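# Next comes the sequence, and after it the predicted model I'd like to discuss.
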Amino acid sequence: MASTTWREELKTLLETMDAWARRRGWRLVREAPLTREEVDALPRTLTGFPYELPTPYREEAFVIPDSYREFLLLHREVRLEYQPDGETWEPYRPFHVWSPTMDTLSSAWTPAGTTVDDREITTTDLIAFADAYMGLEASRWCFYTRTAPKDGELPVYFEDNDYEVLCGHYVDDGEWLDSNDPMMFGFESFEHWFKKLCTVLRREDLDLEDLQAVGNAMQG
């Protein structure tokens, strides 16, 4: 179970990001929390994908990570917004964290028949919970559910669709699409990921309009 220390640290991080956003003329939008019952029910709600999946979704594999649970009990969604045209508020997509829904998974899961190098692939083991937009198509931060939770946490992997799917498995033998370990660009928990995100965005040397640089800094 997540510690009181993390709970309080999370609140402090959000307040820090709120103050930082205000100084920039941005805003931090914090939606209402989920109830404990709604958090517990999340794995059961992620069913009904509209297309056939190459490997089945197993709700028992998506054990809500302790540190992410604390986030959801504070806010079901948190996003930065800014005004690129000076008038209209738009989400700053590198900082957009949410509670998974079928809508968010529909853009992350690959349907049956999706291939890379003429071999069918699957991304069903990845549960998207945050945007990782780098300026082209779509990238997401995901919980990886193929391995058992460790100390109440699931690892966080970067799933990149900007050019092609690179984080997923071949269906025939279960090997990763990319020969590199996804943890090279991942984190051991939501807590570690969120702390890094807050630190990266407040770096004075980082051009936040250069979304590729922001994404690279998160993986660096």
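Received it, and whenever you're ready, just let me know what you need.
# average pLDDT for the lengthiest helix in the chain?
For the chain, the helix reaching the highest residue count under DSSP state H is reported as helix 4-24. When pLDDT is averaged over helix 4-24, the result is 96.
# Dump that helix to CSV, keeping only the CA atoms.
Output of helix 4-24 as CSV, limited to C-alpha atoms (Å, rounded to 0.1, in the frame of the first residue of the first chain):
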residue,chain,number,x,y,z
THR,A,4,1.5,8.4,3.7
THR,A,5,4.8,10.0,2.6
TRP,A,6,3.9,9.5,-1.1
ARG,A,7,0.4,10.7,-0.6
GLU,A,8,1.6,14.0,0.9
GLU,A,9,4.4,14.3,-1.7
LEU,A,10,1.9,13.8,-4.5
LYS,A,11,-0.2,16.7,-3.1
THR,A,12,2.9,18.8,-2.8
LEU,A,13,3.9,18.0,-6.4
LEU,A,14,0.5,19.0,-7.8
GLU,A,15,0.6,22.3,-5.8
THR,A,16,4.1,23.0,-7.1
MET,A,17,3.0,22.3,-10.7
ASP,A,18,0.0,24.5,-10.2
ALA,A,19,2.1,27.4,-9.0
TRP,A,20,4.6,26.9,-11.8
ALA,A,21,1.8,26.9,-14.4
ARG,A,22,0.3,30.1,-13.1
ARG,A,23,3.7,31.9,-13.4
ARG,A,24,3.8,30.9,-17.0
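# Give me the residues contacting it.
27-28, 30, 67, 70-71, 74-75, 78, 80, 82, 95, 191, 194-195, 198, 201-202 (C-beta atoms under 8 Å, 6 or more residues apart in numbering). For glycine as for every other residue, the C-beta is placed from the backbone atoms N, C-alpha and C.
# Show the buried residues in the residues you listed.
The neighbour count (16 or more other C-beta atoms under 10 Å) marks 27-28, 67, 70-71, 74-75, 78, 80, 82, 95, 191, 194-195, 198, 201 as buried among the contacts of helix 4-24.
# Can you flag which of those belong to strands?
Using DSSP state E, the members of the buried ones among the contacts of helix 4-24 that fall within strands are R27, L28, V78, L80, Y82, F95.
# Go ahead and confirm the last one touches R79.
Yes - under the contact definition of C-beta atoms under 8 Å, F95 touches R79, with a separation of 6.6 Å.
# So for the two, which residues contact both of them?
By C-beta under 8 Å, 6+ apart, no residue touches both F95 and R79.
# quick one on the thing from earlier: ok, the buried ones among the contacts of helix 4-24 vs L46, which is closest?
Minimum distance to L46 across those is 17.3 Å, recorded for F71 (C-beta to C-beta).
# What score does that closest one have for pLDDT?
At F71, pLDDT is 98.
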